[in-house]
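Asks: Take this sequence and fold it.
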Amino acid sequence: YFSIQVVMRAFLVICLLIAVAFANECPDVPVVSPFDVASYLGVWYEIATTPTSEITFERDCYCTRANYTLQNDGTVLVQNSCNIGGVDGQVDIANGTAIIEDPTEPAKLSVTFGGHVYAPYWIIINDDYENAVVWSCANILGIDFDYMW
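Replies: All right, here's what the predicted structure looks like:
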């Protein structure tokens, strides 16, 4: 059995976590416009990234690149790859799917690498489809996790 004080403290902690989660949201960053997904397709090479990427899903990656291919259903096949441990390392590939949720803002894609959880993949700078900057932010328990490529 729990004392009323323990229950009240637990309730207070839960309320604080919920308040923090809803109080802090990722900013609505402007994206490029106009944007043509068909012109964006193909292989892109990563020049730089944020530390958040380097310590999470790009840990020990070299020669990071992404290949985007339009599928028959209108989604985009995303194939992220890198060489593990060095430029001659084994190639590691992560396959995902990108969708455009709002056709009026095609530079705001959502990407999943499995399951039904999609993350934002927003093109915020596009230099004639030769150089681009992609931004993503996810808010988890009130903490923003920003990624940029």
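Asks: pLDDT-wise, which helix or strand of the protein ranks last?
Replies: Between all helices and strands in the chain, the lowest mean by mean pLDDT, DSSP states H and E belongs to helix 4-23, at a mean of 56.
Asks: Quick one: list the elements packing against whichever strand or helix holds residue 146.
Replies: In the assignment (DSSP states H and E), residue 146 maps to strand 143-148. On a contact count with 3 or more Cβ pairs under 8 Å, 6 or more residues apart in numbering; DSSP states H and E, strand 143-148 meets helix 51-55, strand 131-140. C-beta here means a position set from N, CA and C on the backbone, and glycine is covered the same way.
Asks: one more time with 6 Å, if that's ok
Replies: strand 131-140 (3 or more Cβ pairs under 6 Å, 6 or more residues apart in numbering; DSSP states H and E).
Asks: Return the set of buried residues in the strand it packs on.
Replies: Neighbour counts over strand 131-140 (16 or more other Cβ atoms under 10 Å) mark 132, 134-137 as buried.
Asks: What is the nearest of those residues to residue 96?
Replies: residue 136 (12.4 Å; Cβ to Cβ).
Asks: circling back to that earlier point, need the buried residues of strand 131-140 in a markdown table (columns: pLDDT).
Replies: Shown next, in a markdown table, are those (pLDDT from 0 to 100):
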| residue | pLDDT |
| --- | --- |
| 132 | 94 |
| 134 | 94 |
| 135 | 90 |
| 136 | 91 |
| 137 | 88 |
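Asks: Having no further points to raise, I will conclude here.
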